[in-house]
Each structure stands twice: as C-alpha cells, then as structure tokens.
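Visitor: Following is a predicted model, sequence given first.
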Amino acid sequence: MTIALDLAEAAREPIENAKPQHPALIDELHSVGGLFGIMNVPSGVWIDEDGIIVRPPETAWPGKSMWREIVKIPEQLPDDLDPFLRRSLEQSAKIKSNPQRYLAALKDWVAKGSASEHALTPEEVVARSHGRSTEHSEAAAHFELGQYLQKAGFDDDAVEHFKRAHELDENNWTYKRQAWQYVSPMLQDARAVYGTGWADEVERLGAENYYPPSDLN
Amino acid sequence: MILTSLDIDHAQFERATGWALKSQGACKGEICVPLLAKPEEVDANVISERLGMALVRDEKHGVWALGSETIGPSALSTAQASDFTLPDWRGGEFTLSSLRGQKVFLLAWASW
C-alpha cells in the first residue's frame, strides 16, 4: 500500500497516472508519520500477516533511485543554472541509497517470511524506530495545526505552526518539505518565509544524514 | 489529531491514533495505559497527560491538536502496527487491518 504524506490535490494526479492496483491512501495531516515515526520519504514499513511490524520506517527506494535513475542529474551542470537549483542538485548527487539491495531484501521477506534474515524481532523493531520525545510530540501537533490552517486558507497562521514544528523536530524532513512546498514548489527555496530551504538545510545537516543509515541502504 | 473541542470521540480517536479507549484504559496491541479517570471524565487533557500526547491550542482559530504519544523513548512503543483509517484516492476509506492475513509493504511518499 502507498500513503501520500501530502494534500489530496497534489497527490491525486501522480496516483491516477500510476493506475495503482494496490490501496493508495492520502494522509494530509501526516498522521501516519507520527504513528510510525516517519521522518522522510520514501519510507517503507514491513508488516506481517498478524499485523506485527517486522521492519520499522527506513529509506525505501524499491528498485530505483530518485536522484540517479529518475531525475538523472547530469555530470556537468549548465553555467547559467539558478544558483539555488545548482546547490540543490550538487547536494542531491551526494545522497546515497541502494535501491537494488532494498528490493532484494523485500522480495526475500515476501518469499521467506519470518525466516528471512531481514525480518526483525519485535524488540529490534521498537529499538530501531526513531526516538520520540515530548518535543517530537509537540512538533507533530504544531505540524497538524499548520496543515489544517493551510488547507483552510490561513497561510500566514499556518507558517507560525510550521516554523515551531521545524524548531522542535529539526530532523523531520516531511515537516519541512511540506511547508516549503507552499512557498516554492519543487525547488523548495523557502528562504523568503522560513529563512532557509532544501539546499540550505541539506548543506547544514549533511547530505550523508538526509536519509538515516540502515543495513538495507 | 485536530480537535474542535476537548471532548474525545472514541471511534475517531481510535481511527486516527490506533488507541482504543476501554474500561481498563487506552489500549494498543499488548499495551494498556490506565487513564485514572471515570469514563465520562476522559477528555483531551486526560489523554494528553496519560499518553504523553502534546496538546497544542491555536487561540485565534479555536482548535487544538494532539501530538503523537510519548510513553517510551521510541516512536514505536510496540511492534504491533497501529491501526488507522485514511481516505483512498477514489474518495473511499481504507483501514490497515483489512489487510490482516497478508504481508503489507507500506510505502510513504509525497509529490514534493
């Protein structure tokens, strides 16, 4: 199943184009992000036949890498490229993922179930899930208020909640990128409103930290 | 979870958070947290305190939001997947537990 952490109007067209045969859900408030501890996309969670999580959220490029096989960043960037876009592409090229390894592991679990070496015990699943503090909980509440107000047309009021969510949970990229999208679609140069944007934050936190490391990536 | 009052609709709360409000307390998987309040007294303040869910109010718009639970140091307090119900792209609703008996690969994505 897929879950779009996104507004319905933004998610609908890509879903329609994909003609999904699986459940394709839309989570405007990112509530599933809070339930499972999802910090970035794409994230995958494996759940067995009894409803037990056997792998908590982790980076999940199933078969293709966004940066290398979908966006296809050229080796030589044009000289007249927008500076923010240039910085974004330069950072994107540093982000590592291993989609083939992830897909192979997923198929192994589908075939072998709990006998797969990639299926974790309940204790490992809980221990590997992201940390959760009162600040994270408060960030989730502010983010939901931001989304609620944004959707209701109160953009300026939404920004204040988004900013607070970003301060409280600075490693949560879904909170940042959703908010920046309203200011600067796709490029995510949100400096005019948030004083920062995608390229700035990846440079600050390190491209190697954009996706937390896992043994499948 | 967005609230327009501090009253908690049990069914809505369970759909959004996976926590079922029962006589013994708030329960998810094998975990039950006593709420230490009479059933008629259980509101967002009680839930917030007992499950460690931040309760944030927007004064101007008169709404609250309950953040995610913090009953342990990890985002997942149990490996039992929280059940949830969300709209699907065709406008219907879909509940995770309807897939019980099958393996589920849950992929979170976004257009941004």
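Guide: Noted; the coordinates are in hand.
Visitor: now that we're looking at the closest residue to chain A within chain B, how far away is residue B:57 from it?
Guide: When distances are taken as CB to the nearest CB, chain B reaches nearest to chain A at residue B:75, 2.5 Å away. All C-beta atoms are positioned from the backbone trio N, CA, C, and that covers glycine. Separation of residue B:75 from residue B:57 (CB to CB, to the nearest Å): 24 Å.
Visitor: of these two, who's got more company?
Guide: Neighbours were counted for residue B:75 and for residue B:57 using other CB atoms under 10 Å in any protein chain shown; residue B:75 has more, 24 against 15.
Visitor: Let me know the pLDDT of the nearest residue to the more buried one once chain neighbours are set aside.
Guide: Take residue B:75 and drop its neighbours on the chain: the residue closest to it by CB to CB, 6 or more residues apart in numbering or on different chains is residue A:37, 2.5 Å away. With respect to pLDDT, residue A:37 scores 93.
Visitor: My read is that residue A:37 contacts residue A:58, right?
Guide: No - between residue A:37 and residue A:58 there is no contact under CB atoms under 8 Å: 10.3 Å.
Visitor: Walking through the chain, point out its strands one by one.
Guide: No chain in the question, so chain A it is. A:2-4, A:24-26, A:43-47, A:53-59 (DSSP state E).
Visitor: think we crossed wires, I meant chain B
Guide: For chain B, strands defined by DSSP E occupy the ranges B:2-3, B:20-22, B:25-28, B:31-33, B:55-58, B:63-66, B:85-87, B:93-95, B:104-109.
Visitor: Export those as a markdown table, with columns for mean pLDDT and distance to chain A.
Guide: Listed next are the strands of chain B as a markdown table, based on pLDDT from 0 to 100; distance: least, CB to the nearest CB, whole Å:
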| stretch | mean pLDDT | distance to chain A |
| --- | --- | --- |
| strand B:2-3 | 96 | 5 |
| strand B:20-22 | 93 | 14 |
| strand B:25-28 | 93 | 10 |
| strand B:31-33 | 92 | 11 |
| strand B:55-58 | 98 | 4 |
| strand B:63-66 | 98 | 4 |
| strand B:85-87 | 95 | 4 |
| strand B:93-95 | 96 | 5 |
| strand B:104-109 | 97 | 4 |
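Visitor: out of those strands, deepest packed?
Guide: Burial of the strands of chain B is given as mean neighbour count (mean count of other CB atoms under 10 Å in any protein chain shown); strand B:63-66 ranks first at a mean of 22.
Visitor: so how far is it off the chain centroid?
Guide: Put simply, strand B:63-66 sits 13 Å off its chain's centre (CA atoms, centre = their mean, to the nearest Å).
Visitor: Going by contacts, tell me the helices and strands next to that strand.
Guide: Judged by 3 or more CB pairs under 8 Å, 6 or more residues apart in numbering or on different chains; DSSP states H and E, the packing partners of strand B:63-66 are helix A:134-151, strand B:2-3, helix B:44-51, strand B:55-58.
Visitor: can you list contacts of the second one?
Guide: When you say that, I think you mean strand B:2-3. A:29, A:144-145, A:148, B:44, B:63-66 (CB atoms under 8 Å, 6 or more residues apart in numbering or on different chains).
Visitor: again, but for the third one
Guide: By CB under 8 Å, 6+ apart, the surrounding residues in contact with helix B:44-51 are B:3, B:6-8, B:13, B:19, B:25-26, B:33-37, B:53-55, B:64, B:66, B:69-71.
Visitor: now with 7 Å?
Guide: By CB atoms under 7 Å, 6 or more residues apart in numbering or on different chains, the residues outside helix B:44-51 that reach it are B:3, B:6, B:8, B:19, B:26, B:33, B:35-37, B:53-55, B:64, B:66, B:69, B:71.
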